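*Asks:* here is a sequence with its predicted model. Questions after.
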Amino acid sequence: MTRIIERLFYRIAKRWIAGYTLQDAMDAARNANQRKIHAILNRLGEHTPDRRLIQQYVDEYLKLLETIQSENLQATISVKPSQIGLAAEIPFYRDNLLKIIARAEEEGRFVWIDMENSLYTESTVEVYRELLGTHKDLGLCLQANMKRSENDLKDLLPRGGKIRLVKGAYPENGEVAFKRRSELNANYFRLMRLLFERGGFFAIGTHDEKMISEAEKLSRDHNANFEFQLLKGIRDDLKTRLLSDGFRVSEYIPYGPEWYNYSKRRMRERKRNILLLIRSIMG
Ligand SMILES: Cc1cc2nc3c(=O)[nH]c(=O)nc-3n(C[C@H](O)[C@H](O)[C@H](O)COP(=O)(O)OP(=O)(O)OC[C@H]3O[C@@H](n4cnc5c(N)ncnc54)[C@H](O)[C@@H]3O)c2cc1C
């Protein structure tokens with residue numbers, strides 16, 4: 001990207017990310033807390049096999065947990081497996097994840113694990129399944145666009161799995177993923193019902209009003225322990241409405257200089273965002 005386009009893109013991306021630094025993340029978390037919203041902080045970065053860089057990411061998560069604690073914020077973290085070792089090798093990833101979990105447990109904080117593209121799904125689920133028996137405050141994201149997610153969900157729930165259900169942000173082929181919007185949405189409904197029927201703690205991660213109103217309906221029939229999770233900068237009106245209806249709401253807040261890939265995914269999700277970028281380039 002040329003410098004100018006990058007700067008214009010950043011101006012748009014800024015609504016989805018807290019900024020470049022840990023302090024920016026703290027400010028965004030504080031802002032969420034002031035709105036009665038819990039924060040889920042994510043240090044951006046992914047797909048790195050470079051062990052030195054991975055170590056820096058792990059250290060930053062430890063620092064993040066320490067700062068959340070010292071600033072007494074209602075916040076937790078979400079990590080990307082390929083950022084903390086899975087793009088190098090599985091045992092390295094597991095060790096790094098365990099270091100982060102150990103610090104979070106000392107401070108009574110929950111750790112979420114993001115789900116990335118299908119290259120990493122099997123090992124991400126495998127390591128989660130393995131750690132679940134001994135680490136209760138650990139949650140995993142499952143993507144409704146992935147055909148395997150129903151089996152993963154049915155396998156993980158009886159083991160005490162804590163799931164964040166999302167639609168899925170990565171382009172995948174038709175062998176592993178539902179390509180039609182209608183199939184993806186139908187699967188989201190199906191998996192959401194399973195969560196309400198069988199889940200312990202879980203999270204509904206979407207901005208889709210159809211999914212959200214179905215979740216609201218299901219919550220009336222089931223005594224479920226769940227929260228809504230939405231991304232920073234998207235549908236703030238919905239967050240306010242859900243809070244006033246008595247639901248718990250968390251906001252996923254990413255930060256860090258590696259904002260480009262994340263923002264590209266947000267851009268792709270909505271034509272209007274692309275138009276915004278084109279307009280700011282033209283104008
Ligand atoms: C808390 C949280 C954590 C997530 N973690 C992961 C993860 O670990 N792995 C993963 O693959 N995906 C993750 N996602 C992203 C998710 O997979 C979707 O890509 C994203 O949430 C958009 O889908 P949607 O459910 O909002 O539905 P959509 O049908 O895409 O959108 C529904 C409505 O939401 C609004 N909306 C959605 N996206 C945008 C946007 N970019 N800009 C403006 N408005 C928008 C629009 O009003 C749209 O009509 C996460 C999402 C959330 C909320």
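*Replies:* Received, thanks. Residues are numbered from 1 along each chain as shown.

*Asks:* which parts of the helix or strand bottoming out on mean pLDDT in the chain are buried?
*Replies:* Using mean pLDDT, DSSP states H and E, the weakest-scoring helix or strand in the chain turns out to be helix 271-282, at a mean of 73. By neighbour count on 16 or more other CB atoms under 10 Å, the buried set for helix 271-282 is 273, 276, 277. Using the backbone N, CA and C atoms, a C-beta is placed for each residue, glycine as well.

*Asks:* OK, contacts around residue 270?
*Replies:* Listed by CB atoms under 8 Å, 6 or more residues apart in numbering, the contact set of residue 270 is empty.

*Asks:* what does the chain have sitting close to the ligand?
*Replies:* 114-115, 141, 143, 166-170, 205-208, 229-231, 234-235, 252, 266, 269-270, 273 (CB under 6 Å from any ligand atom).

*Asks:* and the helices in this structure, which stretches?
*Replies:* Using DSSP state H, the helices of the chain run over residues 3-13, 22-34, 51-70, 90-106, 121-132, 149-156, 181-198, 209-221, 236-244, 259-268, 271-282.

*Asks:* the fifth one packs against which elements?
*Replies:* If I follow you right, that is helix 121-132. Judged by 3 or more CB pairs under 8 Å, 6 or more residues apart in numbering; DSSP states H and E, helix 121-132 is in contact with helix 90-106, strand 138-143, helix 149-156.

*Asks:* neighbouring contacts of stretch 145-161?
*Replies:* By CB under 8 Å, 6+ apart, the residues outside stretch 145-161 that reach it are 118, 121, 125, 128-129, 132-133, 136, 139-140, 142-143, 163, 167-168, 172, 176-178, 184, 187, 190-191, 194-195, 198-200.

*Asks:* deepest in the core, which of the helices and strands packed on helix 121-132 is it.
*Replies:* strand 138-143 (a mean of 24; mean count of other CB atoms under 10 Å).

*Asks:* so that one versus helix 90-106, what angle?
*Replies:* 120 degrees (axes from the mean of the first three to the mean of the last three CA atoms, to 10 degrees).

*Asks:* tell me what strand 138-143 is packed against?
*Replies:* On a contact count with 3+ CB pairs under 8 Å, 6+ apart, strand 138-143 meets strand 111-113, helix 121-132, helix 149-156, strand 162-166, strand 201-205.

*Asks:* now render those as a markdown table, adding mean pLDDT.
*Replies:* Formatted as a markdown table, the helices and strands packed on strand 138-143 follow (pLDDT from 0 to 100):
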| stretch | mean pLDDT |
| --- | --- |
| strand 111-113 | 98 |
| helix 121-132 | 98 |
| helix 149-156 | 98 |
| strand 162-166 | 98 |
| strand 201-205 | 98 |
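
*Asks:* which stretches of the stretch 151-283 of the chain have low pLDDT?
*Replies:* Within the stretch 151-283 of the chain, the set of residues satisfying pLDDT under 70 comprises 280-281, 283.

*Asks:* 90 instead, please
*Replies:* Applying pLDDT under 90 to the stretch 151-283 of the chain flags the ranges 199, 258-283.

*Asks:* you'd agree residue 9 is up against residue 277?
*Replies:* Yes - with contact defined as CB atoms under 8 Å, residue 9 counts as touching residue 277 (6.2 Å).

*Asks:* so how far is stretch 159-171 from its chain's centroid?
*Replies:* Centroid displacement of stretch 159-171 relative to its chain, using CA atoms, centre = their mean, to the nearest Å, is 9 Å.
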